[in-house]
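In: Following is a predicted model, sequence given first.
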Amino acid sequence: MILFWALIITAAVLLFRALNRAPEHTHMHGGPSPEQLLAERFARGDIDEEEYQQRLAALRSSGPLTKH
């Protein structure tokens, strides 16, 4: 009888964990855009204004990125 209840409780815990786990693929689509990353680098001082403007123009002229 104890083994039966242990099995039921274990199954319930595993089911609860499986249903409450966040999907693993959600973080891929919610990241910052390339322009946002560039702006963050500029704000931190990693790049100067001239390089920021050049890279921003390059990003905007290349159009949207596509996956192959």
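Out: Structure's in. What do you need?
In: quick one: A12 and R21, what's the gap?
Out: 15 Å (Cβ to Cβ, to the nearest Å). Where you see a C-beta, it was placed from the backbone N, CA and C, and this is true even at glycine.
In: just Y52 next, same as before
Out: From Y52 to R21 the distance is 40 Å (Cβ to Cβ).
In: So between these two, which is more surrounded?
Out: Y52 (16 against 8; other Cβ atoms under 10 Å).
In: Now do the contacts for the more buried one.
Out: L38, A39, R41, F42 (Cβ atoms under 8 Å, 6 or more residues apart in numbering).
In: helix/strand/coil for the second one?
Out: Which is A39. helix (DSSP: H, G, I helix; E, B strand; the rest coil).
In: wait, what's in contact with it?
Out: Taking Cβ under 8 Å, 6+ apart, one finds Y52 in contact with A39.
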